[in-house]
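K.L.:
how would this look folded up:
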Amino acid sequence: MIKLLINDDSKSDILTETSFGGLPVKEIGKNTEWPSCRTCQAKMQYQGKIKTDIGLELIFMCQNDPGLCDEWDPEGGGNKVIIVNSENLEFFKPLEGESLLRETVYGVNLIETDADDYDSARENWEGNKRQVLGQYDGIPSWIQGDETPECDCCSKSMRFVAQLEEGPDYRTAMNFGGGGVAYLFDCKEGKTAKFLWQC
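P.N.:
The predicted model follows:
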């Protein structure tokens, strides 16, 4: 059984749900520092959030000099995942920089399909294939080979959370090298997460 992430334009209340684009969230009353790229030191762009059993996993990726800041690498410092609790949340904006946000918001429906793997499930999807935003849980479908990261706190292979497509519209799509695919992993024990992409 494959769980597809399907775009749902009708979803508007997405404070505590999986979504892409728009504003990130933080716990009410807590100061949250907008993450910066380790290479260029500039603020990263917010990509979206995935709801898991350990919280909402917020994905940020450097888009200041695409391709030059190792934003594809889980260890390169060109991306960052922040995990926040799923309750008592509010949206927050960067203090400056419109380019730090992707204005178009994509809500998500989680649809279970009877398929052996993600590629088959995506191919057999009866709707518009571009509305498939990825998969949740399951087994990653690698483009360039297995790059499952290790957790920094326990040195074990991290748990696969989601595989993401760039998005339904090229004008508002996430940038995974042009037609690439991204992968999100986490560790329940350390409550940490890592992100990477391949193309």
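
K.L.:
what about the spatially most central residue of the chain, helix or strand, and which?
P.N.:
Among the residues of the chain, the one closest to the centroid is residue 59, at 4.8 Å (Cα atoms, centre = their mean). Secondary structure assignment for residue 59, by DSSP states H and E: strand 55-61.

K.L.:
Quick one: distance of that strand to the chain centre.
P.N.:
On the basis of Cα atoms, centre = their mean, to the nearest Å, strand 55-61 is displaced by 6 Å from the centre of the chain it belongs to.

K.L.:
quick one: residue 157 from residue 150, how far?
P.N.:
Separation of residue 157 from residue 150 (Cβ to Cβ, to the nearest Å) stands at 6 Å. Glycine gets a C-beta too; all of them are placed from N, C-alpha and C.

K.L.:
mind listing the strands for the protein?
P.N.:
Using DSSP state E, the strands found in the chain span residues 2-8, 19-20, 25-27, 45-52, 55-61, 79-84, 89-91, 106-113, 132-136, 159-164, 181-187, 192-198.

K.L.:
so where's the chain uncertain?
P.N.:
Applying pLDDT under 70 to the chain picks out residues 13.

K.L.:
Include distance to residue 120 when you put the strands of the chain into JSON lines, please.
P.N.:
Output for the strands of the chain, formatted as JSON lines (distance: least, Cβ to Cβ, whole Å):
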{"stretch": "strand 2-8", "distance to residue 120": "8"}
{"stretch": "strand 19-20", "distance to residue 120": "23"}
{"stretch": "strand 25-27", "distance to residue 120": "34"}
{"stretch": "strand 45-52", "distance to residue 120": "22"}
{"stretch": "strand 55-61", "distance to residue 120": "26"}
{"stretch": "strand 79-84", "distance to residue 120": "28"}
{"stretch": "strand 89-91", "distance to residue 120": "36"}
{"stretch": "strand 106-113", "distance to residue 120": "9"}
{"stretch": "strand 132-136", "distance to residue 120": "11"}
{"stretch": "strand 159-164", "distance to residue 120": "13"}
{"stretch": "strand 181-187", "distance to residue 120": "15"}
{"stretch": "strand 192-198", "distance to residue 120": "19"}
